[in-house]
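Novice: build the 3D model from these lines:
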Amino acid sequence: MRIILASGSPRRKELLSREGISFTVIPAEGDEVIRGTEPAEIVRNLSYNKASEVADRVAADKADGKSAGDAADDNYVVIGADTVVSYKGKILGKPADHEEAAAMLRMLNGETHQVYTGVTVICVKNGYRTEKVFHECTDVVFREVPDEDIIEYASSEEPMDKAGAYAIQGSWGKNIREIHGDYDNVVGLPVKRVVKELEVLC
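Specialist: The predicted model follows:
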(Lines give C-alpha, C1' and ligand atoms only; values in the text may rest on other atoms or scores of the structure.)
Protein backbone atom coordinates (compact mmCIF):
# COMPACT_ATOMS: atom_id res chain seq x y z
CA MET A 1 0.00 0.00 0.00
CA ARG A 2 1.40 3.37 -1.00
CA ILE A 3 1.74 6.08 1.61
CA ILE A 4 1.31 9.73 0.68
CA LEU A 5 2.45 12.62 2.87
CA ALA A 6 0.21 15.63 2.21
CA SER A 7 2.95 18.03 3.29
CA GLY A 8 6.14 19.47 1.86
CA SER A 9 7.61 19.97 5.32
CA PRO A 10 11.21 18.71 5.39
CA ARG A 11 10.86 17.97 9.10
CA ARG A 12 7.87 15.68 8.60
CA LYS A 13 9.66 13.97 5.72
CA GLU A 14 12.69 13.37 7.95
CA LEU A 15 10.55 11.91 10.74
CA LEU A 16 8.75 9.46 8.45
CA SER A 17 12.01 8.47 6.77
CA ARG A 18 13.60 7.84 10.16
CA GLU A 19 10.97 5.18 10.82
CA GLY A 20 11.90 3.41 7.59
CA ILE A 21 8.61 4.36 5.92
CA SER A 22 8.59 4.64 2.14
CA PHE A 23 6.27 7.43 0.98
CA THR A 24 5.40 9.88 -1.77
CA VAL A 25 5.02 13.61 -1.15
CA ILE A 26 1.95 15.34 -2.61
CA PRO A 27 1.60 18.68 -0.79
CA ALA A 28 -1.88 19.95 -0.08
CA GLU A 29 -2.91 22.99 -2.11
CA GLY A 30 -5.11 25.95 -1.34
CA ASP A 31 -5.39 28.33 1.57
CA GLU A 32 -5.58 27.14 5.16
CA VAL A 33 -9.01 27.92 6.58
CA ILE A 34 -9.03 27.95 10.38
CA ARG A 35 -12.18 26.45 11.89
CA GLY A 36 -12.68 26.10 15.62
CA THR A 37 -11.57 28.00 18.70
CA GLU A 38 -9.48 25.49 20.66
CA PRO A 39 -5.94 24.58 19.50
CA ALA A 40 -6.71 20.86 19.39
CA GLU A 41 -9.82 21.43 17.29
CA ILE A 42 -8.01 23.80 14.94
CA VAL A 43 -5.10 21.46 14.18
CA ARG A 44 -7.39 18.48 13.76
CA ASN A 45 -9.51 20.42 11.25
CA LEU A 46 -6.49 21.74 9.37
CA SER A 47 -4.91 18.29 9.14
CA TYR A 48 -8.17 16.84 7.88
CA ASN A 49 -8.52 19.52 5.21
CA LYS A 50 -5.01 18.77 3.93
CA ALA A 51 -5.37 14.99 3.91
CA SER A 52 -8.87 15.05 2.42
CA GLU A 53 -7.89 17.49 -0.35
CA VAL A 54 -5.00 15.27 -1.43
CA ALA A 55 -7.03 12.06 -1.13
CA ASP A 56 -9.80 13.58 -3.27
CA ARG A 57 -7.26 14.75 -5.84
CA VAL A 58 -5.64 11.32 -6.07
CA ALA A 59 -9.05 9.69 -6.48
CA ALA A 60 -10.04 12.18 -9.20
CA ASP A 61 -6.77 11.66 -11.06
CA LYS A 62 -7.24 7.91 -10.87
CA ALA A 63 -10.79 8.20 -12.23
CA ASP A 64 -9.47 10.33 -15.10
CA GLY A 65 -6.71 7.85 -15.81
CA LYS A 66 -4.07 10.33 -14.70
CA SER A 67 -1.29 9.82 -12.17
CA ALA A 68 -0.87 11.82 -8.96
CA GLY A 69 2.75 11.10 -8.22
CA ASP A 70 3.16 7.36 -7.69
CA ALA A 71 -0.11 7.03 -5.83
CA ALA A 72 -2.74 6.33 -8.46
CA ASP A 73 -3.34 2.80 -7.19
CA ASP A 74 -6.46 1.24 -5.71
CA ASN A 75 -4.90 1.14 -2.23
CA TYR A 76 -3.18 4.11 -0.65
CA VAL A 77 -2.88 6.09 2.57
CA VAL A 78 -2.77 9.87 2.91
CA ILE A 79 -1.26 11.53 5.99
CA GLY A 80 -2.04 15.18 6.69
CA ALA A 81 -0.69 17.17 9.62
CA ASP A 82 -0.69 20.67 11.03
CA THR A 83 1.13 22.16 14.03
CA VAL A 84 0.45 25.26 16.12
CA VAL A 85 1.93 26.74 19.27
CA SER A 86 -0.46 27.90 21.98
CA TYR A 87 0.33 30.22 24.89
CA LYS A 88 -2.35 31.21 27.38
CA GLY A 89 -5.04 30.53 24.80
CA LYS A 90 -3.35 32.49 22.01
CA ILE A 91 -2.53 30.59 18.83
CA LEU A 92 0.93 31.29 17.41
CA GLY A 93 1.39 30.20 13.83
CA LYS A 94 4.28 31.01 11.51
CA PRO A 95 5.59 34.59 11.87
CA ALA A 96 4.90 36.98 9.03
CA ASP A 97 8.28 38.69 9.40
CA HIS A 98 11.35 38.89 11.63
CA GLU A 99 9.73 41.46 13.93
CA GLU A 100 6.79 39.16 14.60
CA ALA A 101 9.19 36.28 15.20
CA ALA A 102 10.96 38.31 17.88
CA ALA A 103 7.62 39.28 19.46
CA MET A 104 6.57 35.62 19.65
CA LEU A 105 9.84 34.56 21.26
CA ARG A 106 9.62 37.39 23.81
CA MET A 107 6.11 36.22 24.69
CA LEU A 108 7.32 32.65 25.28
CA ASN A 109 10.56 33.64 27.01
CA GLY A 110 10.91 31.91 30.38
CA GLU A 111 7.39 30.49 30.10
CA THR A 112 5.62 27.19 29.43
CA HIS A 113 3.61 26.80 26.26
CA GLN A 114 1.90 24.00 24.37
CA VAL A 115 2.61 22.56 20.93
CA TYR A 116 -0.37 20.87 19.24
CA THR A 117 -0.07 18.72 16.15
CA GLY A 118 -3.21 17.42 14.48
CA VAL A 119 -2.94 14.39 12.23
CA THR A 120 -5.39 12.84 9.78
CA VAL A 121 -4.83 9.40 8.27
CA ILE A 122 -7.06 8.48 5.33
CA CYS A 123 -6.87 4.88 4.14
CA VAL A 124 -8.35 3.97 0.75
CA LYS A 125 -8.42 0.20 0.33
CA ASN A 126 -10.31 -1.72 -2.36
CA GLY A 127 -12.57 1.25 -2.94
CA TYR A 128 -13.40 1.82 0.75
CA ARG A 129 -12.24 4.91 2.60
CA THR A 130 -11.62 4.98 6.35
CA GLU A 131 -10.34 7.91 8.38
CA LYS A 132 -8.66 8.61 11.69
CA VAL A 133 -8.19 12.12 13.09
CA PHE A 134 -6.23 12.77 16.28
CA HIS A 135 -3.89 15.24 17.94
CA GLU A 136 -1.00 15.26 20.38
CA CYS A 137 -0.03 18.02 22.82
CA THR A 138 3.43 18.63 24.28
CA ASP A 139 4.36 21.16 26.98
CA VAL A 140 7.56 23.09 26.25
CA VAL A 141 9.41 25.22 28.83
CA PHE A 142 11.76 27.99 27.65
CA ARG A 143 14.72 29.23 29.63
CA GLU A 144 15.09 32.97 30.29
CA VAL A 145 16.94 34.23 27.21
CA PRO A 146 18.58 37.69 26.89
CA ASP A 147 16.83 39.97 24.43
CA GLU A 148 19.93 40.26 22.25
CA ASP A 149 19.84 36.47 21.73
CA ILE A 150 16.17 36.67 20.76
CA ILE A 151 16.90 39.44 18.25
CA GLU A 152 19.82 37.50 16.74
CA TYR A 153 17.77 34.33 16.31
CA ALA A 154 14.66 36.15 15.07
CA SER A 155 16.78 37.93 12.46
CA SER A 156 17.81 34.61 10.91
CA GLU A 157 15.74 32.58 8.46
CA GLU A 158 15.32 29.58 10.77
CA PRO A 159 12.19 30.76 12.61
CA MET A 160 10.36 32.05 9.55
CA ASP A 161 8.51 28.87 8.59
CA LYS A 162 8.04 27.53 12.12
CA ALA A 163 4.94 27.73 14.30
CA GLY A 164 5.84 29.83 17.33
CA ALA A 165 8.96 31.12 15.53
CA TYR A 166 11.39 28.44 16.66
CA ALA A 167 12.68 24.99 15.79
CA ILE A 168 13.34 22.69 18.73
CA GLN A 169 15.77 20.66 16.62
CA GLY A 170 17.64 23.79 15.51
CA SER A 171 19.91 26.27 17.25
CA TRP A 172 17.07 27.45 19.52
CA GLY A 173 16.94 24.00 21.11
CA LYS A 174 19.60 24.97 23.65
CA ASN A 175 17.12 27.48 25.11
CA ILE A 176 14.53 24.84 25.96
CA ARG A 177 14.72 23.83 29.60
CA GLU A 178 12.39 20.85 29.45
CA ILE A 179 9.54 19.24 27.57
CA HIS A 180 6.65 17.13 28.80
CA GLY A 181 5.34 14.85 26.08
CA ASP A 182 6.42 13.75 22.62
CA TYR A 183 9.54 15.51 21.29
CA ASP A 184 8.69 14.56 17.69
CA ASN A 185 5.32 16.25 18.13
CA VAL A 186 7.15 19.55 18.65
CA VAL A 187 9.23 18.93 15.52
CA GLY A 188 6.00 18.55 13.55
CA LEU A 189 4.70 14.96 13.59
CA PRO A 190 4.07 12.46 16.42
CA VAL A 191 5.47 9.75 14.19
CA LYS A 192 5.27 6.85 16.68
CA ARG A 193 1.53 7.46 17.08
CA VAL A 194 1.18 7.76 13.30
CA VAL A 195 2.80 4.35 12.82
CA LYS A 196 0.43 2.78 15.37
CA GLU A 197 -2.62 4.34 13.70
CA LEU A 198 -1.46 3.10 10.28
CA GLU A 199 -1.21 -0.44 11.64
CA VAL A 200 -4.72 -0.28 13.11
CA LEU A 201 -6.47 1.57 10.28
CA CYS A 202 -4.89 -0.10 7.27
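Novice: show me what contacts Ala101?
Specialist: 95, 153-154, 159-160, 165 (CB atoms under 8 Å, 6 or more residues apart in numbering). Heads up, the C-betas are built off the backbone N, CA and C, glycines and all.
Novice: from the rest of the structure, what touches stretch 164-182?
Specialist: Contacts of stretch 164-182 with the rest of the structure, by CB under 8 Å, 6+ apart, involve 11, 84-85, 92, 94-95, 100-102, 104-105, 108, 113, 115, 136-143, 145, 149, 153-154, 158-159, 183, 186-187, 190, 192-193.
Novice: among those residues, name the ones in helices.
Specialist: Per DSSP state H, helices hold the following members of these: 11, 100-102, 104-105, 108, 149, 153-154, 183, 186-187, 192-193.
Novice: just to revisit the earlier point, quick check on the contacts of stretch 164-182: which are buried?
Specialist: For those, a neighbour count by 16 or more other CB atoms under 10 Å gives the buried set as 11, 84-85, 92, 94-95, 100-102, 104-105, 108, 113, 115, 136-138, 140, 142, 145, 153-154, 158-159, 186-187, 190, 193.
Novice: now the lengthiest helix in the chain: buried residues?
Specialist: For the chain, the helix reaching the highest residue count under DSSP H is reported as helix 39-63. Of the residues in helix 39-63, 39-40, 42-55, 57-59, 61-62 count as buried by neighbour count, 16+ other CB under 10 Å.
Novice: what helices and strands are in contact with the host helix or strand of Ser17?
Specialist: Ser17 belongs to helix 10-18 when elements are defined using DSSP states H and E. Helix 10-18 sits against strand 2-5, helix 183-187, helix 191-201, with contacts defined as 3 or more CB pairs under 8 Å, 6 or more residues apart in numbering; DSSP states H and E.
Novice: make JSON lines out of the ones you listed and add mean pLDDT and distance to Pro27.
Specialist: JSON lines is the format used below for these (pLDDT from 0 to 100; distance: least, CB to CB, whole Å):
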{"stretch": "strand 2-5", "mean pLDDT": "96", "distance to Pro27": "8"}
{"stretch": "helix 183-187", "mean pLDDT": "96", "distance to Pro27": "18"}
{"stretch": "helix 191-201", "mean pLDDT": "94", "distance to Pro27": "17"}
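Novice: for Arg129, give its distance to Tyr166.
Specialist: Remark: distance between Arg129 and Tyr166 (CB to CB, to the nearest Å) = 37 Å.
Novice: no more questions from me, cheers.
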